[in-house]
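Asker: test case, fold it:
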Amino acid sequence: MPVEASGVSVLTLVRGRTNRLRNLMRGLSRQSVRPRELVIAWMQPDPVRELPDPGCPVRHLVVPGEQLPLAAARNRAAEAATGDLLVFLDVDCIPSTGLVAAYAAAASETAGLFLGEVLYLPPDRPSADAADDRLDDATLDRQAHRHPARPAIPDNGIRYEPDAGQLWGLSFAIEADAWRSLGGMDEAFAGYGGEETDFAARLAGTGLPTFWIAGARAYHQHHPVHVPPLQHFASILANAERFRARHGRWCMGYWLGQFAEAGLIAWDESAPAIRLIRSPTSSELAASLRPDALFS
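Answerer: Numbers count the residues shown, from 1 in each chain. Purely as a prediction, here's the structure:
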């Protein structure tokens, strides 16, 4: 069934980062075609109420969980959404003016999992922890950088992507019926890592294709990253092993390799399991923080 832009629900997850959310909402207010609604899943006890008008109704829900309940928050947001197309947009992302329209146009053409381009804003840009009124696409395009590990985006229309594992939770869209038929994301993936790759693998098993979408650009607001992501060490190990038990292969191998090189685990791609050598120290965690790194 064709999806019109008026049937698009935009969903985002928030813990802290309120000014980044404000910039996302300002970006939504500039859309060439406005969405039906914005659904905000708060992974914190109290939602923030003093927020800008995104140009559409806003739904708020609270999703509890000490570890980042990413899968659960996406599921609760999808359950609350009323649109035919679900657009998941990370709270760090500012949508370009045509993002909603581009996703809606793609979904009106075919069924699938739709991936939009995300460009990265630099650390020397005015602080993303402050609300920013300079959100025009031309300015953001000049400031932003392409991620070196992401493929080129088509200039027009859509392009088939054979690897559903290219799904990156910063920006993607899927019809609500397809999301529900798969049962959403697996909430057994607790904390950081694995839930998106598991979802993509299960979705690929249904035969639903994946596409890259022209025009659905978003701009990632800079924040310091850990290289490797030692702050998520325990959950990455647990979720990688959960993924392997289900799919017979590893996910997050790049990070697992970094952990192995650091002497924290014994692991390689052929290993049947991860052997913990030791947990990272507080000094190692501090040393892994890269305030100026664009990409993790």
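
Asker: now the strands: where do they sit in the stretch 51-200 of the chain?
Answerer: With strands called from DSSP state E, counting those that start in this stretch, the stretch 51-200 of the chain shows them at 58-62, 85-89, 93-95, 113-115, 118-120, 145-146, 158-161, 171-175.

Asker: how about the ones you listed in a markdown table, adding mean pLDDT and mean neighbour count?
Answerer: C-betas here are computed from N, CA, C, even on glycine. Shown next, in a markdown table, are those (pLDDT from 0 to 100; neighbours: other C-beta atoms under 10 Å):
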| stretch | mean pLDDT | mean neighbour count |
| --- | --- | --- |
| strand 58-62 | 97 | 15 |
| strand 85-89 | 98 | 27 |
| strand 93-95 | 97 | 28 |
| strand 113-115 | 97 | 26 |
| strand 118-120 | 96 | 21 |
| strand 145-146 | 92 | 12 |
| strand 158-161 | 96 | 17 |
| strand 171-175 | 97 | 25 |
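
Asker: so which of these comes closest to Asp268?
Answerer: Among the strands of the stretch 51-200 of the chain, the nearest to Asp268 by C-beta to C-beta is strand 158-161 (27.4 Å).

Asker: helices and strands around the closest one, which ones?
Answerer: Judged by 3 or more C-beta pairs under 8 Å, 6 or more residues apart in numbering; DSSP states H and E, strand 158-161 is in contact with strand 210-213.

Asker: repeat that for 10 Å
Answerer: Helices and strands touching strand 158-161, by 3 or more C-beta pairs under 10 Å, 6 or more residues apart in numbering; DSSP states H and E, are helix 99-109, strand 113-115, strand 210-213.

Asker: surely Leu289 meets Val227?
Answerer: Yes - applying C-beta atoms under 10 Å, one finds Leu289 in contact with Val227, separated by 8.3 Å.

Asker: which residues in the stretch 51-200 of the chain form helices?
Answerer: Ranges of helices within the stretch 51-200 of the chain are 70-80, 99-109, 137-143, 176-182, 195-205, based on DSSP state H, counting those that start in this stretch.

Asker: just name the most buried of these.
Answerer: Among the helices of the stretch 51-200 of the chain, helix 99-109 has the highest mean neighbour count (mean count of other C-beta atoms under 10 Å), at a mean of 24.

Asker: what mean pLDDT does that helix have?
Answerer: The pLDDT scores in helix 99-109 average 97.

Asker: what inclination does it have with respect to strand 85-89?
Answerer: 140 degrees (axes from the mean of the first three to the mean of the last three C-alpha atoms, to 10 degrees).

Asker: distance between helix 99-109 and the chain's centre?
Answerer: 18 Å (C-alpha atoms, centre = their mean, to the nearest Å).

Asker: run the angle between that helix and strand 171-175 for me.
Answerer: Using the same axes, to 10 degrees: helix 99-109 against strand 171-175 is 40 degrees.

Asker: neighbours of Ala238, how many?
Answerer: 17 (other C-beta atoms under 10 Å).

Asker: what average pLDDT does the one helix or strand it maps to get?
Answerer: If you go by DSSP states H and E, Ala238 is part of helix 233-247. Here helix 233-247 scores 96 as its mean pLDDT.

Asker: Ala245 contacts Cys251, correct?
Answerer: No - using C-beta under 10 Å, Ala245 is not in contact with Cys251; the gap is 11.4 Å.

Asker: so for the two, which sits in the more crowded spot?
Answerer: Cys251 (23 against 9).

Asker: so when I look at that one, I'm seeing a strand, right?
Answerer: No - per DSSP: H, G, I helix; E, B strand; the rest coil, Cys251 lies outside any strand segment and is coil.

Asker: quick check, it in contact with Thr197.
Answerer: Yes - between Cys251 and Thr197 there is a contact at 4.4 Å, judged by C-beta under 10 Å.

Asker: quick one: mean pLDDT for stretch 188-201?
Answerer: Here the average pLDDT along stretch 188-201 is 92.

Asker: may I have it as CSV, with CA atoms only?
Answerer: The C-alpha trace of stretch 188-201 is given here as CSV (Å, rounded to 0.1, in the frame of the first residue of the first chain):
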residue,chain,number,x,y,z
ALA,A,188,16.9,-9.5,25.0
PHE,A,189,19.7,-7.4,23.6
ALA,A,190,20.2,-5.2,26.7
GLY,A,191,22.4,-2.2,26.7
TYR,A,192,24.5,-1.2,23.7
GLY,A,193,25.1,-3.2,20.6
GLY,A,194,23.7,-5.9,18.4
GLU,A,195,19.9,-5.3,18.4
GLU,A,196,20.0,-3.4,15.0
THR,A,197,22.1,-6.1,13.3
ASP,A,198,19.9,-8.8,14.7
PHE,A,199,16.8,-7.0,13.4
ALA,A,200,18.4,-6.6,10.0
ALA,A,201,19.3,-10.2,9.8
